[in-house]
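Trainee: make a model of this:
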Amino acid sequence: MQKIVLVIGIIILGVMGWFLTQKPSPQNATQNQIVSLNALEFGKLLNQPDVFVLDVHIPEQTHLPNTDAFIPYNELTENLDQLPTDKNTPIAVYCRSGSMSQEASQTLAQLGYTNIYDLVGGINAYKESHVLVDLTPASQDLGTVIYGDVATTEFTLTNFTSTPLTITRLSTSCGCTKATAAKMNLEPYEATTITVTFDPAVHKDDTDLGTVTRTIYLDTDNPNFDHLTAEIRAVVVKK
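Mentor: Prediction:
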């Protein structure tokens, strides 16, 4: 009898050991890497510079401010070059209602990403808790600009409100910098591109040599977001 009990015990221990050595299924592994966030929690991530913000909804929609990339939820594996190379990079994923981002989050986890944040309810939920008009990014670094060359960069103006928006004034802090809007009138939840050019030689002197910062001023007819600003930075050198 004791031998039988001993054999049974060995078998049980062997089976338990086999289960403990098995790797978790992809489904369980991905669940451990994905954090579901409500709109308020998700909104806090958007302003963190180390977070990669990804819109996966199709057809393409107006993106949340500070969105880094748009990749359809079912084409992530074909667009790995648009994703962060560091698999530990926090990725904030969203779509319109939450279903596509949920599937995309699973795919990202299976690709090896370890910090994935999924917006529950998508942009539809975000609209209920966030109203804003935003000019992003807050700053663009042009790097080194050769005196005599003209540098160009872009900002995005997003009307994330339920009412139309009109740009009433668009100007800059210096004649060396010019800003133009692709559209002056935006529908609710629409965005447009603000193109900025910087010509350090426009004054034909050394005024804009060295490290410079120039400001873009944008006014709107929304009384809650009537004055917006952004800036460009550059180091201007002569050949």
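Trainee: for stretch 53-62, buried residues please.
Mentor: Neighbour-count burial for stretch 53-62 flags 53, 54, 55, 56, 57, 61, 62 (criterion: 16 or more other C-beta atoms under 10 Å). Where C-beta positions appear, they are placed from N, C-alpha and C, glycine not excepted.
Trainee: now residue 39: phi and psi?
Mentor: The phi/psi pair for residue 39 (degrees, to the nearest 10) reads phi -60, psi -40.
Trainee: what do you get for residue 117?
Mentor: Per degrees, to the nearest 10, the backbone of residue 117 is at phi -120, psi 120.
Trainee: where's it relative to residue 80, distance?
Mentor: 19 Å (C-beta to C-beta, to the nearest Å).
Trainee: check residue 39 too.
Mentor: Where residue 80 is concerned, residue 39 sits at a distance of 29 Å (C-beta to C-beta).
Trainee: ditto for residue 43
Mentor: 28 Å.
Trainee: for residue 156, same thing?
Mentor: Taken as C-beta to C-beta, the span from residue 156 to residue 80 is 24 Å.
Trainee: strands - which of the buried residues of stretch 53-62 land there?
Mentor: When the buried residues of stretch 53-62 are checked against strands (DSSP state E), the matches are 53, 54, 55.
Trainee: of those, which is the nearest to residue 204?
Mentor: residue 53 (41.7 Å; C-beta to C-beta).
Trainee: in the sheet, who's paired with that closest one?
Mentor: Residues in a beta bridge with residue 53, per DSSP bridges, are residue 92.
Trainee: how far away is it from residue 45?
Mentor: Distance of residue 53 to residue 45, given as C-beta to C-beta: 7 Å.
Trainee: what does residue 203 give?
Mentor: Noted for residue 203: a distance of 42 Å to residue 45, by C-beta to C-beta.
Trainee: doesn't residue 218 lie inside a helix?
Mentor: No: looking at residue 218 with DSSP: H, G, I helix; E, B strand; the rest coil, it is strand, so not inside a helix.
Trainee: which residues sit against stretch 83-103?
Mentor: Here stretch 83-103 makes contact (C-beta atoms under 8 Å, 6 or more residues apart in numbering) with 42, 45-46, 48, 50-58, 61, 64, 69, 71, 73-74, 76, 104-105, 108, 111-126.
Trainee: and it, what's its mean pLDDT?
Mentor: For stretch 83-103, mean pLDDT is 96.
Trainee: any idea how this structure splits into domains?
Mentor: By the assignment in automatic domain parsing, the chain contains the domains 27-129, 132-237.
Trainee: which of the ones you listed comes out lowest on mean pLDDT?
Mentor: In terms of mean pLDDT, the lowest-scoring of the domains of the chain is domain 27-129 (a mean of 92).
Trainee: hang on, residue 177 packs against residue 197?
Mentor: Yes: shown here, residue 177 and residue 197 form a contact pair, counting by C-beta atoms under 8 Å, at 7.1 Å.
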